[in-house]
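Asker: fold the following.
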Amino acid sequence: MRIGIIGTGNVGATLGKRWAAAGHEVMFGAREPRSAKVMSLVGAAGAKTRAGSVAEAARFGEVVVLASRSRCSGSRSPSTGASGRTSRSG
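Answerer: Predicted structure coming up:
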């Protein structure tokens, strides 16, 4: 399965690494996808991972996970291009 993860903090990184280890393709969406932090995460997560913009990760995933702080989520979500494909639980 192709999984887009918006966010590269503790939650997004942990989920992405585990899903990649289970055989899924993962794209981490970040504001700065070529930063040293994100490139290090991609290297640690394995060959089935890559990084891109938030919008790229939203388009990439059959499933899209929003793993960012809730105070930021509302203001950023319209730019993902994922309208109609998201669900919020909790």
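Asker: which of the residues in the longest helix along the chain are buried?
Answerer: Looking across the chain with DSSP state H, the single longest helix is helix 10-21. Residues of helix 10-21 classed as buried by neighbour count (16 or more other C-beta atoms under 10 Å): 12-13, 15-17, 19-20. In this view, the C-beta of every residue, glycine as well, is placed from N, C-alpha and C.
Asker: then stretch 29-39?
Answerer: Buried, per 16+ other C-beta under 10 Å, within stretch 29-39: 29-30, 33, 38.
Asker: any idea what the nearest residue to residue 66 once chain neighbours are set aside is bridged to?
Answerer: Spatial nearest neighbour of residue 66, excluding adjacent residues (C-beta to C-beta, 6 or more residues apart in numbering): residue 6 at 5.1 Å. Residue 6 forms beta bridges with residue 29, residue 66, as assigned by DSSP bridges.
Asker: if I pick residue 6, what's in contact with it?
Answerer: 12, 29, 54, 57-58, 64-68, 76, 80 (C-beta atoms under 8 Å, 6 or more residues apart in numbering).
Asker: just the closest of the residues you listed to residue 45, please.
Answerer: residue 12 (10.4 Å; C-beta to C-beta).
Asker: surely that closest one meets residue 4?
Answerer: No: Residue 12 lies out of contact with residue 4 (C-beta atoms under 8 Å); the separation is 10.3 Å.
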